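>>> Only the shape, not the letters, is given here:
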């Protein structure tokens, strides 16, 4: 397999006596739209969890741009450029739509906790940039008018779009959408 962006090679994930993913191999080229389909319980979400670092497969490996993701945490995998949405919506329901999208920037910012506490120029500059970029993604998914609305009060479809905007805000090379519709 020539791995350009994502490769899974013989990925197997077991939970006790249940094999949820059994020897799955796939290759996704950069710019390609790739779909994994199957009935409920087929292991699609489990495969996504193996790719995004929630689970480590018992066998096989996942490569991103030719490098193994084995042993990397979800934050490290997000930082290299893999973002995802979830089968069950995972938003911060008490935060606004804008604040939820801004969460997608956490690994892109260069300011530290001292900058945040002291509200330095760098902190303010990066916060402005994050707000502007977040508003761009809210416009992209059709939620610009809901920027100041609590995420938990949005209708289900809008929450799905908000989750996609948050994932896009991380500037991913690969976007995994788990049951986005």
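Here it is on my side, so go on. Fair warning: this is a prediction, and the values are worked out from it, not measured in the lab.
>>> what's the residue of the chain positioned farthest from its centre sitting at in phi/psi?
Distance from the centre of the chain peaks at residue 118, with 30.1 Å (C-alpha atoms, centre = their mean). With angles defined as degrees, to the nearest 10, residue 118 sits at phi -90, psi 0.
>>> Please tell me how far residue 67 sits from residue 129.
To residue 129, residue 67 is 29 Å away according to C-beta to C-beta, to the nearest Å. Where C-beta positions appear, they are placed from N, C-alpha and C, glycine not excepted.
>>> where does this structure have low pLDDT?
Along the chain, the parts satisfying pLDDT under 70 run over 1-3, 106-116.
>>> on contacts alone, who are the packing partners of the helix of greatest length in it?
Secondary structure of the chain per DSSP state H: the longest helix is helix 121-140. Using 3 or more C-beta pairs under 8 Å, 6 or more residues apart in numbering; DSSP states H and E as the contact test, the elements touching helix 121-140 are helix 97-103, helix 113-118, helix 156-169.
>>> count of neighbours near the residue nearest to residue 22 when sequence neighbours are not counted?
With sequence-adjacent residues excluded and distances taken as C-beta to C-beta, 6 or more residues apart in numbering, residue 22 is closest to residue 12, at 5.6 Å. Residues near residue 12, counting by other C-beta atoms under 10 Å, number 16.
>>> My guess is residue 12 contacts residue 25. True?
No: taking contacts as C-beta atoms under 8 Å, residue 12 lies outside contact range of residue 25: 10.6 Å.
>>> shared neighbours of these two, which are they?
Common neighbours of residue 12 and residue 25 (criterion: C-beta atoms under 8 Å, 6 or more residues apart in numbering): residue 60.
>>> still on that earlier bit, ok, now how distant is the residue farthest from the centre of the chain from residue 18?
51 Å.
>>> same deal with residue 84?
For residue 84, the distance to residue 18 - C-beta to C-beta - is 23 Å.
>>> go on, residue 140?
Taking C-beta to C-beta as the measure, residue 140 falls 39 Å from residue 18.
>>> roughly how far out does the one helix or strand the residue nearest to residue 22 maps to sit from the chain middle?
According to DSSP states H and E, residue 12 maps onto strand 6-15. The chain centroid and the centroid of strand 6-15 are separated by 19 Å under C-alpha atoms, centre = their mean, to the nearest Å.
>>> Touching that strand from outside, list them.
Against strand 6-15 from outside (C-beta under 8 Å, 6+ apart): 1, 19-28, 43, 46-47, 49-51, 55, 57-64, 82, 174.
>>> That one pairs with which strands, parallel or anti?
strand 18-28 (antiparallel), strand 59-64 (antiparallel) (DSSP bridges).
>>> Great, nothing more from me.
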